[in-house]
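[1] coordinates only, no sequence provided:
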């Protein structure tokens, strides 16, 4: 029997605030263990939490960007469980009355768009981190993350494949980066994902027993874990057994999911309203103020790139997947407005390849990239006006990348200006044809593919500086005589 997978994702996004959600401790990553702590985030007796308003602002940005309904009143709740890295013995979260519900994320894939519905968005504090391999025979606890503000974004079970889950997660990360509430750095734990996976007979509307997969810290891990879990559940059902509702861990080394614990239910956490925090009231004026500050979002920018720059849907999808890349592209186009498609090709190829190799894509700031977008636009402009060839441009780009110098300066210093003088090119062509009389005779005998050989020899004779279009034209004329 063919099966259909039913997938929902729970995403935890760390908010880009300088201080924690209920105290003034720093949220900076990478500090010494337990450096960023205080009596409030450690849960010492007699302390009271004070809500960070910026956290609410960021939650509203996310709610509006995902088309959610913002609740005029939401309520803080205590989620009770006992782990060594949770010093209070409970986590301040939201349960019955979240700040936002019933939105959607638009997921683009090869020009096709799908809306994945959201169940809810709510704010909560992060827990600490247990460290099991720092000291032999002991587990240590780092509480720097305790109290760091998070958004939990819960999707409806609208996702039907591991690949679609990857597209959804990438789209959501891009959206959070565009509105500047989360940097999306999965390696540092700024964006974490749990996947709820089940299978059902093809065409059935029933929601079957699901498992939750934790420990997913990369897009590849999300996709591979879901693929494995779908296969595992299919094999369980095919053998006549039943899928057990449980929480499973992703073992990245073996690329399998393995049992972690039986699945908890809401009542297991004994949620109740937090007595130290008043209900959160958000009036319409606050919502409209946040709405007015929202930037252009990925879907709108993608549509504009197609309409205004004439880009294919694939190019627009790649370029708008990250705000920094889209900003870099547009800044380059401003320096070379006549060739947006050529700019797109350069950004998607040379620029993004280098940014990935040097791991500059986590900074999300084009100022950290070694070649400025203005210089790239100038370089492409010099190709367009015939000053240099595309081949020479690649050499110039490498020099720009290493030195930061503008293209004109590099071209003049290294004598790389394209040769378009007819007499100079004619002399080089005559020399090449004279040196290869047998190939000239073969060309004139019908082997016209040899034209590429002659072009290559002329380019070599001119050290790649010859104008290739002129070389083609002049060669054809010479060979037809």
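    Structure received. These numbers were taken from a predicted model, which means no experiment stands behind them.

[2] stretch 180-199: which residues count as buried?
    181-186, 190-199 (16 or more other CB atoms under 10 Å). The C-beta positions use only the backbone N, C-alpha and C, and glycine is treated the same way.

[3] how many neighbouring residues does residue 417 have?
    15 (other CB atoms under 10 Å).

[4] which SS class is it?
    coil (DSSP: H, G, I helix; E, B strand; the rest coil).

[5] quick check, it in contact with residue 407.
    No - here residue 417 lies out of contact with residue 407, judged by CB atoms under 8 Å, at a distance of 11.1 Å.

[6] tell me the helix or strand right after the lengthiest helix in the chain.
    In the chain, ranked by residue count with DSSP state H as the criterion, the top helix is helix 219-238. Next in sequence after helix 219-238, counting helices and strands by DSSP states H and E, comes strand 246-251.

[7] that following strand: partners in the sheet, and parallel or antiparallel?
    strand 211-216 (parallel), strand 256-262 (antiparallel) (DSSP bridges).

[8] give me the mean pLDDT for that strand.
    Across strand 246-251, pLDDT averages out at 88.

[9] pLDDT below threshold where in this structure?
    Along the chain, the parts satisfying pLDDT under 70 run over 1, 109-111, 262-267, 359-365, 367-368, 418-419, 421.

[10] okay, now the domains of it?
    The chain breaks down into these domains under automatic domain parsing: 3-290, 296-414, 422-479.

[11] and residue 278, helix, strand or coil?
    coil.

[12] got a list of what residue 161 touches?
    5, 7, 226 (CB atoms under 8 Å, 6 or more residues apart in numbering).

[13] filter those to the buried ones?
    5, 7, 226.

[14] run a quick neighbour tally on the closest residue to the last one other than its chain neighbours.
    This means residue 226. For residue 226, ignoring the flanking residues on the chain, the nearest one in space by CB to CB, 6 or more residues apart in numbering is residue 162 at 3.9 Å. Using other CB under 10 Å, residue 162 has 21 other residues around it.

[15] ok, now the one 5 residues further on?
    Look at residue 167: counted by other CB under 10 Å, it has 23 neighbours.

[16] can I assume it is in contact with residue 107?
    Yes - assessed by CB under 8 Å, residue 167 is found in contact with residue 107 at 4.9 Å.

[17] report the buried residues of stretch 99-106.
    99-101, 103-106.

[18] of the residues you listed, which belong to strands?
    100-101, 103-106 (DSSP state E).

[19] so which of those is the closest to residue 318?
    residue 106 (16.2 Å; CB to CB).

[20] return the residues in contact with the nearest residue to that closest one once chain neighbours are set aside.
    Nearest residue to residue 106 in three dimensions, chain neighbours excluded: residue 299, at 4.9 Å (CB to CB, 6+ apart). By CB under 8 Å, 6+ apart, the contact set of residue 299 is 106, 108, 113.

[21] count of neighbours near the closest residue in space to residue 17 that isn't next to it in sequence?
    With CB to CB, 6+ apart as the criterion, residue 17 has its nearest non-adjacent residue at 4.9 Å, and that residue is residue 54. Number of residues near residue 54 (other CB under 10 Å) recorded here: 16.

[22] now residue 54: which helix or strand?
    Per DSSP H and E: helix 53-65 holds residue 54.

[23] now for that helix, which elements pack on it?
    Applying 3 or more CB pairs under 8 Å, 6 or more residues apart in numbering; DSSP states H and E, one finds that helix 53-65 makes contact with strand 69-70, strand 100-109, strand 112-125, strand 149-155, helix 162-178, helix 284-292.

[24] what angle sits between that helix and strand 112-125?
    If you take axes from the mean of the first three to the mean of the last three CA atoms, to 10 degrees, helix 53-65 sits at 160 degrees to strand 112-125.

[25] could I get the buried residue list for helix 53-65?
    Neighbour count says helix 53-65 has 54-65 buried, by 16+ other CB under 10 Å.

[26] just to revisit the earlier point, between the strands paired with strand 246-251, which one is closest to residue 427.
    Here strand 211-216 is closest among those (CB to CB), at 64.2 Å.

[27] switch the buried residues of stretch 99-106 over to TSV; also include distance to residue 142.
    As requested, the buried residues of stretch 99-106 are exported to TSV (distance: CB to CB, whole Å):
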residue	distance to residue 142
99	29
100	31
101	34
103	34
104	36
105	32
106	37
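
[28] determine the three-state secondary structure at the spatially closest residue to residue 87 that is not a sequence neighbour.
    Spatial nearest neighbour of residue 87, excluding adjacent residues (CB to CB, 6+ apart): residue 43 at 4.6 Å. Using three-state DSSP, the structure places residue 43 in coil.

[29] and the gap between residue 43 and residue 92?
    Distance, residue 43 to residue 92, by CB to CB, to the nearest Å: 10 Å.

[30] right, I'll leave it there.
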